[in-house]
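Q: sequence first, predicted model second:
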Amino acid sequence: MSKKPTLKIVGTGSFLPDTVVTNKDLEKIMDTTDEWITQRVGIKERRVIGESGLSTSDMATFAGKAAIEDAGLTAEDIDCIIVATITPDMNFPSTAIFVQQNLGAKNAAVFDVSAACTGWIYGMTIAEGLILSGKFKNILVIGAEFLTSLSDINDRSTYVLFGDASGAVVVQPADGDRGMLGSYIKSNGDLADLLWSYGGGTRVNKKVSDQEKMFDENGIDKRSTIRMEGNKVYKYAVRAMIESAEKAMEDAQITEDDIDMLIPHQANSRIIDAIAKRVNMPDDKVVRNLQYMGNTSSASIPVALDQVRKEGRLKDGDVLLVAAFGGGFTWGGLVIKM
Ligand code: UT7
C-alpha cells in the first residue's frame, strides 16, 4: 500500500534547440571519434543553442508555456515558478524572473534552484513542500540548461558530453490517488572539487591566487568553463543514483514491482545500464534520450517525461521512478503516479 500522494503533475512541456551537432561533426574539430563517444558514453548527437541567440530563460519560457497550455491553464493562473539551472541568464536577478516576464505570469512568486543535474528533482521537492503548506496551487517547475555555454573546446573529455534543452511541469495539490508518492534528496559538499565551474562566482578570489592559473594554454578563461574528473564522478554517480531510486521507493512505500517506468538522469548509457540492472528494470521500462540530446543536466528528466507522455508511452495511472545526481554532489529521486 503506497503513501497518499502530495502533488500531481497536470501538464508537461519541453524545448530542444534546432541545431544538431553529431559525433562526426566533433571529429572534424577535435581529437575524438564517433566510436569512442558512442561506446564510452552512448551519445550520437546533441541539440545546441549555437548561433540562435537564445538564452536559458528563453528555453525555459518555451517549455513552461507548453506545460501551462498542456495543463489547460493560463500564465496568470501560475502562482509560483521554480527554475532549476546551473547556467542562469545572469548572476541576478534569477532566470525565473525573466521567465515570469516572458510568460506574463504576473501572479507568481519566482526563484531559481541550483542543484546541478538534480536541480529539477530538488525543485519538485520544494514544490511539494509549498503545496503541502497550502501557499500555492499551480506551480511551474522547470529544468533549463544552456550547458554548451560552459563547454571548453580544449577539453575533449567534457566537450562531447553536453547539450542544451529545457523541460517543465505544472503541479497542483493531489486530490485522488495520483501524484507524487515518494521523494528523496541528498548532498555531499566534500565532492565539490570533482565537478564545477567558477562561472563568475566569488570563490575564484579565494581559490586561485595566481592569475595565470585562470587561463589554459589557449588563453581560455577556465573560470567560465566546466571542469570534471569524469572517472571519479562516474563511480559516485552510480552509487548515488541507486541510493536515490531505492530511498524514493522506500519513501513511497512501494517496491520495484510497482514501477512502470524509470527515467534516470541522462549522463552516460553505462550509468543508466547499472541503475536499471540494480533496480530490476527491463530495457523497455527504461527511458533513454541521451543518444540524440547529450547530457542536459537539470533538463534531462523533465524533457524525457514530456516526450514519453506525448508519445503515449507513459499513461495516466502509471508509476514513474526518476533518479539523478550532479555537481555538488547532489542526488535524489522521486516516485510519481501519473
Ligand atoms: O551529469 C553530471 C555528472 N556527470 C557524469 O555523470 C559523467 C560521469 N563520467 C562519465 O560518464 C565518464 O567518466 C566520461 C564519459 C566522462 C569519460 O569516460 P571514461 O571511460 O571514464 O574515460 P576516461 O576519462 O577514463 O578516459 C579514458 C581515455 C583517456 O585516454 P588515455 O589516457 O587512456 O589514453 C582519455 O584521454 O579516453 C580518452 N578520452 C577520449 N578519447 C576520445 C577522453 N575523452 C575522449 C574523447 N574522445 N572525447
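A: Nice, I can see it.

Q: pLDDT on stretch 314-333, on average?
A: Mean pLDDT, computed over stretch 314-333, is 97.

Q: so which bits of that stretch are buried?
A: Under the neighbour-count criterion of 16 or more other C-beta atoms under 10 Å, stretch 314-333 has 314, 318-333 buried. Any C-beta I mention is one placed from the backbone N, CA and C, and that applies to glycine too.

Q: for residue 94, which non-adjacent residue is closest in space?
A: Once flanking residues are discounted, residue 94 sits nearest to residue 112: 4.2 Å by C-beta to C-beta, 6 or more residues apart in numbering.

Q: hmm, I was thinking of residue 247
A: Using C-beta to C-beta, 6+ apart, the closest residue to residue 247 is residue 184 (3.8 Å).

Q: so that neighbour, which of the three states?
A: Secondary structure, DSSP: H, G, I helix; E, B strand; the rest coil: residue 184 is strand.

Q: in what helix or strand does residue 129 lie?
A: Per DSSP states H and E, residue 129 falls inside helix 119-132.

Q: so how far is that helix from its chain's centroid?
A: Computed by C-alpha atoms, centre = their mean, to the nearest Å, the chain-centroid distance of helix 119-132 equals 14 Å.

Q: please see if the helix or strand following that helix touches the ligand.
A: Downstream of helix 119-132, the next assigned helix or strand under DSSP H and E is strand 139-146. No. Strand 139-146 stays clear of the ligand (C-beta under 6 Å from any ligand atom), getting no nearer than 10.3 Å.

Q: hang on, residue 137 packs against residue 71?
A: No. Here residue 137 lies out of contact with residue 71, judged by C-beta atoms under 8 Å, at a distance of 11.7 Å.

Q: show the backbone phi and psi for residue 265.
A: Dihedral pair for residue 265: phi -60, psi 140, per degrees, to the nearest 10.

Q: so the nearest residue to it once chain neighbours are set aside, which of the three states?
A: With sequence-adjacent residues excluded and distances taken as C-beta to C-beta, 6+ apart, residue 265 is closest to residue 324, at 3.6 Å. Judged by three-state DSSP, the three-state class of residue 324 is strand.

Q: the one 10 residues further on too?
A: Here residue 334 is strand, with the state taken from three-state DSSP.

Q: how near is the residue in the stretch 151-300 of the chain positioned nearest to the ligand to residue 156?
A: In the stretch 151-300 of the chain, the residue that lies nearest the ligand is residue 230 (2.9 Å; C-beta to the nearest ligand atom). Distance from residue 230 to residue 156, counting by C-beta to C-beta, to the nearest Å: 11 Å.

Q: ok, now how distant is the closest residue to residue 195 other than its chain neighbours from residue 120?
A: Excluding the flanking residues, the one nearest residue 195 by C-beta to C-beta, 6+ apart is residue 327, at 3.9 Å. As judged by C-beta to C-beta, residue 327 and residue 120 stand 14 Å apart.

Q: and the helix holding residue 129 with the ligand, contact?
A: No. Using C-beta under 6 Å from any ligand atom, helix 119-132 stays clear of the ligand, with a minimum separation of 10.9 Å.

Q: sec struct for residue 158, please.
A: helix.

Q: residue 264 versus the residue nearest to residue 265, what's the distance?
A: On the measure of C-beta to C-beta, residue 324 and residue 264 end up 7 Å apart.

Q: kindly report the same for residue 311.
A: Per C-beta to C-beta, residue 311 is found 18 Å from residue 264.

Q: of the two, who's got more company?
A: Neighbours were counted for residue 311 and for residue 264 using other C-beta atoms under 10 Å; residue 264 has more, 31 against 8.

Q: wait, the more buried one touches residue 274, no?
A: No. The pair residue 264 and residue 274 fails to qualify as a contact (C-beta under 8 Å) at a distance of 9.6 Å.

Q: and the buried residues of stretch 314-333 near the ligand, which?
A: The subset of the buried residues of stretch 314-333 within reach of the ligand, by C-beta under 6 Å from any ligand atom, is residue 326.

Q: rewinding a little: pull the contacting residues for the residue nearest to residue 265.
A: By C-beta atoms under 8 Å, 6 or more residues apart in numbering, the contact set of residue 324 is 117-118, 120-121, 241, 244, 264-265, 300-301, 331-333.

Q: please redo it, this time with the cut-off set to 10 Å
A: Going by C-beta atoms under 10 Å, 6 or more residues apart in numbering, residue 324 touches 115-122, 143, 185, 237, 240-241, 244, 263-267, 297-298, 300-301, 330-334.

Q: swap in residue 251?
A: Residue 251 makes contact with 2, 3, 180, 181, 182, 183, 184, 333, 334, 335 under the criterion C-beta under 10 Å, 6+ apart.

Q: is the residue of the stretch 1-150 of the chain found nearest the ligand in a helix, a strand, or coil?
A: Closest contact between the stretch 1-150 of the chain and the ligand, by C-beta to the nearest ligand atom, is at residue 32 (3.4 Å). Counting by three-state DSSP, the backbone at residue 32 sits in coil.
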